[in-house]
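**Q** Got a predicted structure plus its sequence, pasted below:
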Protein chains: 2
Amino acid sequence: MLKANDPSLRSWIPVSPDSDFPIQNLPFGIFKTAHRSPRVGVAIGEFVLDLVAVAEFGYFDALNINKKVFGSDALNDFIALGKPAWRAVRERISDLLNEKNMALQSQKEARKQCLLLQSDVQMLLPVRIGDYTDFYSSIDHATNMGKMFRDPANALLPNWKHIPVGYHGRASSIVVSGTPLHRPKGQLKPADAEVPTFGATKLLDFELEVAFIIGKPTKLGDSISTAEAENHIFGLTLFNDWSARDIQSWEYVPLGPFLSKNFGSSTSPWVVTLDALEPFRVKGYTQDPKVLPYLEYSGDRNIDINLEVSILPAVSSSGVENGQETVVCHSNYKYMYWTMEQQLAHHTVNGCNVNIGDMMASGTISGPEEGSVSVSGNVRGKFCRRSKLIYQPAVTAFPRATGFSSFSSPNFLMTHSCTGISSGLSGIQLYGFPFSASCASSLRACVKPDPFRKPSFSSNWNTFRIMRSRSCAVSPRRTFRSICFCRE
Amino acid sequence: MLKANDPSLRSWIPVSPDSDFPIQNLPFGIFKTAHRSPRVGVAIGEFVLDLVAVAEFGYFDALNINKKVFGSDALNDFIALGKPAWRAVRERISDLLNEKNMALQSQKEARKQCLLLQSDVQMLLPVRIGDYTDFYSSIDHATNMGKMFRDPANALLPNWKHIPVGYHGRASSIVVSGTPLHRPKGQLKPADAEVPTFGATKLLDFELEVAFIIGKPTKLGDSISTAEAENHIFGLTLFNDWSARDIQSWEYVPLGPFLSKNFGSSTSPWVVTLDALEPFRVKGYTQDPKVLPYLEYSGDRNIDINLEVSILPAVSSSGVENGQETVVCHSNYKYMYWTMEQQLAHHTVNGCNVNIGDMMASGTISGPEEGSVSVSGNVRGKFCRRSKLIYQPAVTAFPRATGFSSFSSPNFLMTHSCTGISSGLSGIQLYGFPFSASCASSLRACVKPDPFRKPSFSSNWNTFRIMRSRSCAVSPRRTFRSICFCRE
């Protein structure tokens, strides 16, 4: 076991038992404040450790690394130092924060300069992303889709168990969690319409995914084996793959999703190193039929990370702003059929080169049991029913005004950009989408715009904001949570 | 008319009448030599003008631009100066090279420092590419495919005349013409096989495309109108979309091409500015049905650029190295149904942001007449016949050795990575591919590996080289040629 992963370690910084950031995690990110330029930070409890400050106080002097990398607006330069450096820096930070180590603990001025409250800093996109790839590697997700939209007896497409299916996405529009996204416009063509019309999406959702970040580049023509793959991965983030399903259904034949996805994707600001996740490796699915030799691997290569989606509505059912956060579903990263190592081996087997900062997302992660897509509180239901409300709560909070009508009207569904399941919280709906290529069974969430905040609310609003993504980091000790919502 | 576009202009530098680089063109690129670091150059006749040297001699002093941009290893910094600067620099270079202007012409030392033979420099990738998008905008290509593989009466997919269909590709593996590519390996599954096997592609080709380079960025959430689009485009390159069709046919459902494309794409080193192409604007296809308002445009927005593919075999039919170059097909960029402006307006209508250096390729460009895909010399035939040789020349140059057999054997087709039409030159074959998503009717070319160069030639070779891409630039005065070949 890596020394920094020892579960008995305790920090002199108070860390709540349910914090995502115990001393065993120590994820890396980029932050800035009004007085500090963008730089590398590490999360510990409710604090962020400023690595520029740590270096300036000489705490990295023994490491023999170029300290300038910490003053960058992206982790790429730090990552380029290589895995031994990532590991050495994490070990050193673990030492410095260890309750038994007085080096930083006893120095008041250094402490003050090196530690800031996370609530006082602004987190930025952690890496400069060269290329972004999205996989489709959850067998339960793919099977659910196949059962619903094709043949229950042959739910998976013929290539699915042979290939970690993936496709290229847009890198330029990946933003850090909390960045406002604009409600995308595009061509919409309901199945019964003769021709498409133009307008804002009426079916916005996201797929909760986990992404890995390339830590070691390859040259064009080189391939990465499954055994070598982990040395090419720096760490993991949470990834929300926002999707406009009505745009997608019309555009995606024959070359795949395009405008329905590239208006924006959100990543967590904190990148959890693969090192920190090592204790959570578990056995994956038995792969049958046997995969081709270049995809074979040994050992436990899945990772046990709890995933959940919570919804924080703009208004509560009684019309009060800032409704109560509600967990609406659970899943786990261990349910991936194809491991990261297999995805990377496949991606490069043809000689495709990868660069530091490239992001590769998992695809929607569903679990094997219906319960793994559970809706808590007063809401229960299955997802992925075709344009159908499964649960219809009271919607007393919605005024019957322009752009709003009752739940029973199709117009309502369209107006509020969501269809499917409502969580029972006013205006919050989760839904499944009626086509197979990208439908998710689990992790779709969208909050309706808040009619109380804009008296002249009309159908022309086009800005969603992801207002909050609390705990958007992989936590090796507990649940990996995604709390995202969007509103006008 | 822009002053630099005046067809009566003549340069004091000798320019052959059939040169791709008359004074009216002046494309930008990046080059280096053994003694000069990467920098911006402009092509004129057989020379390249070194803009770092031009700036050092003070010839740009009146322009009030940051001259450091010329010393970069990519055009991005120069492009970031903005369209007025591109135009001013091109006008200034046009002046300096004008036969009536003595400023540079009369200065022997400056001439010597500023002008190098193109044959003495190494051209590099012209831009740092953030994101790469490939469109599918040739109606003749899409129609040919639909007729062959679907319904001749309804050849186009329902969305094709409403949407400039496109998808995201891999930016990291775009290389400058002349860069060796590795023959990709991957999963291959013939239709009659039970399970896939692993191996090197047996169906490699390329689609000849034209790409445009983004010259002005947008922010996430912004859209570009068709009227504004030309101000966001710096210029055009020739683009070869290499494709491994046997990998593609197995992997591409449901999310599109992935490993079959991302092992490499080639771009020309020279970027021809949109300014230089202005005199060649022509009327495009009448778009019926009427497009949605955001795709409407006025004026002549297609561009009349002749396109041709030539093949230069590794060996001639008599077994001599460096066989004779043969033009195997013709097309024209004016045959695009969707214009660049429409492509860009569509790409950003959902708020997707674009960055300087992004490349957007046209998709295969086919023409309306069968003759627009003509095979010159002693070879004639249609393309896109399913895995079928249409023309079978003598293949006396091929020894019957390991990895080689006669044309009539399926093994031959596989061994030589190409199927379809042979050009009549030994070992050269053009072919059409048997599936609809990406099949091209025109521009596929591949040269077999040269058995004479490697006595122990076996089926394990995996390096193709694009040995030469002569004249790989858009030329506003004459033919836009792609001469590419690959061999071991």
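**A** That came in fine, so what should we check first?

**Q** Which parts of chain A are helices?
**A** For chain A, the helices defined by DSSP state H cover A:51-56, A:76-80, A:83-97, A:108-114, A:139-149, A:226-229, A:245-251, A:274-277, A:340-348, A:410-415.

**Q** of these, which approaches B:Asn144 most closely?
**A** helix A:245-251 (21.6 Å; C-beta to C-beta). In short, each C-beta sits where N, CA and C put it, glycine included.

**Q** Can I get the helices of chain A in JSON lines including distance to B:Leu255 and mean pLDDT?
**A** Listed next are those as JSON lines, based on distance: least, C-beta to C-beta, whole Å; pLDDT from 0 to 100:
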{"stretch": "helix A:51-56", "distance to B:Leu255": "38", "mean pLDDT": "98"}
{"stretch": "helix A:76-80", "distance to B:Leu255": "28", "mean pLDDT": "98"}
{"stretch": "helix A:83-97", "distance to B:Leu255": "31", "mean pLDDT": "98"}
{"stretch": "helix A:108-114", "distance to B:Leu255": "45", "mean pLDDT": "97"}
{"stretch": "helix A:139-149", "distance to B:Leu255": "11", "mean pLDDT": "74"}
{"stretch": "helix A:226-229", "distance to B:Leu255": "21", "mean pLDDT": "98"}
{"stretch": "helix A:245-251", "distance to B:Leu255": "11", "mean pLDDT": "89"}
{"stretch": "helix A:274-277", "distance to B:Leu255": "26", "mean pLDDT": "93"}
{"stretch": "helix A:340-348", "distance to B:Leu255": "13", "mean pLDDT": "98"}
{"stretch": "helix A:410-415", "distance to B:Leu255": "27", "mean pLDDT": "21"}
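
**Q** Format the ones you listed as JSON lines; extra columns: mean neighbour count and distance to B:Asn5.
**A** Formatted as JSON lines, the helices of chain A follow (neighbours: other C-beta atoms under 10 Å in any protein chain shown; distance: least, C-beta to C-beta, whole Å):
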{"stretch": "helix A:51-56", "mean neighbour count": "21", "distance to B:Asn5": "52"}
{"stretch": "helix A:76-80", "mean neighbour count": "21", "distance to B:Asn5": "42"}
{"stretch": "helix A:83-97", "mean neighbour count": "19", "distance to B:Asn5": "54"}
{"stretch": "helix A:108-114", "mean neighbour count": "14", "distance to B:Asn5": "60"}
{"stretch": "helix A:139-149", "mean neighbour count": "21", "distance to B:Asn5": "54"}
{"stretch": "helix A:226-229", "mean neighbour count": "18", "distance to B:Asn5": "53"}
{"stretch": "helix A:245-251", "mean neighbour count": "25", "distance to B:Asn5": "37"}
{"stretch": "helix A:274-277", "mean neighbour count": "22", "distance to B:Asn5": "56"}
{"stretch": "helix A:340-348", "mean neighbour count": "26", "distance to B:Asn5": "45"}
{"stretch": "helix A:410-415", "mean neighbour count": "17", "distance to B:Asn5": "50"}
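
**Q** Specify the stretch among these that is closest to B:Ala361.
**A** Once those are compared by C-beta to C-beta, helix A:245-251 is nearest, at 17.8 Å.

**Q** tell me what that closest one is packed against?
**A** Where contact means 3 or more C-beta pairs under 8 Å, 6 or more residues apart in numbering or on different chains; DSSP states H and E, helix A:245-251 is packed against strand A:185-188.

**Q** Is the strand it packs on in proximity to chain B?
**A** Yes - using C-beta under 8 Å from any C-beta of the partner chain, strand A:185-188 reaches chain B at A:Lys185, A:Gly186, A:Gln187.

**Q** Quick one, which of these are buried?
**A** Buried by 16 or more other C-beta atoms under 10 Å in any protein chain shown: A:Lys185, A:Gly186, A:Gln187, out of these.

**Q** Which residues are in contact with the last one?
**A** In other words, A:Gln187. Residues counted as contacts of A:Gln187 (C-beta atoms under 8 Å, 6 or more residues apart in numbering or on different chains) are A:Pro196, A:Thr197, A:Phe198, A:Ile247, A:Trp250, A:Glu251, B:Asn159, B:His162, B:Ile163, B:Leu292.

**Q** Low-confidence ranges, chain A, go.
**A** Across chain A, the ranges flagged by pLDDT under 70 are A:145, A:148-150, A:308-330, A:369-488.

**Q** repeat that with 50
**A** The model of chain A has pLDDT under 50 over residues A:313-317, A:319-321, A:371-488.

**Q** Strands of the stretch 251-400 of chain A, start to end?
**A** Here the stretch 251-400 of chain A has its strands, by DSSP state E, counting those that start in this stretch, at A:265-267, A:272-273, A:281-282, A:302-303, A:306-311, A:326-332, A:359-361.

**Q** Which neighbouring elements make contact with the second one?
**A** Okay, so that is strand A:272-273. Here strand A:272-273 touches strand A:233-244, going by 3+ C-beta pairs under 8 Å, 6+ apart.

**Q** Partner strands of the strand it packs on and their direction?
**A** As defined by DSSP bridges, the strand partners of strand A:233-244 come to strand A:204-214 (antiparallel), strand A:265-267 (antiparallel), strand A:272-273 (antiparallel).

**Q** pull the CA atoms of stretch A:282-296 into PDB?
**A** In PDB, the C-alpha atoms belonging to stretch A:282-296 read as follows (Å, rounded to 0.1, in the frame of the first residue of the first chain):
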ATOM      1  CA  VAL A 282     -12.400  -4.400  -7.200                       C
ATOM      2  CA  LYS A 283     -13.100  -7.200  -9.500                       C
ATOM      3  CA  GLY A 284     -15.100  -6.300 -12.600                       C
ATOM      4  CA  TYR A 285     -17.600  -8.200 -14.600                       C
ATOM      5  CA  THR A 286     -16.600 -11.500 -16.100                       C
ATOM      6  CA  GLN A 287     -16.200 -10.700 -19.800                       C
ATOM      7  CA  ASP A 288     -17.900 -13.400 -21.900                       C
ATOM      8  CA  PRO A 289     -17.200 -13.900 -24.700                       C
ATOM      9  CA  LYS A 290     -13.500 -13.700 -24.100                       C
ATOM     10  CA  VAL A 291     -12.100 -10.500 -25.400                       C
ATOM     11  CA  LEU A 292      -9.300 -10.200 -27.900                       C
ATOM     12  CA  PRO A 293      -5.800 -10.500 -26.500                       C
ATOM     13  CA  TYR A 294      -5.100  -6.800 -26.700                       C
ATOM     14  CA  LEU A 295      -8.000  -6.200 -24.300                       C
ATOM     15  CA  GLU A 296      -7.100  -8.900 -21.800                       C
END
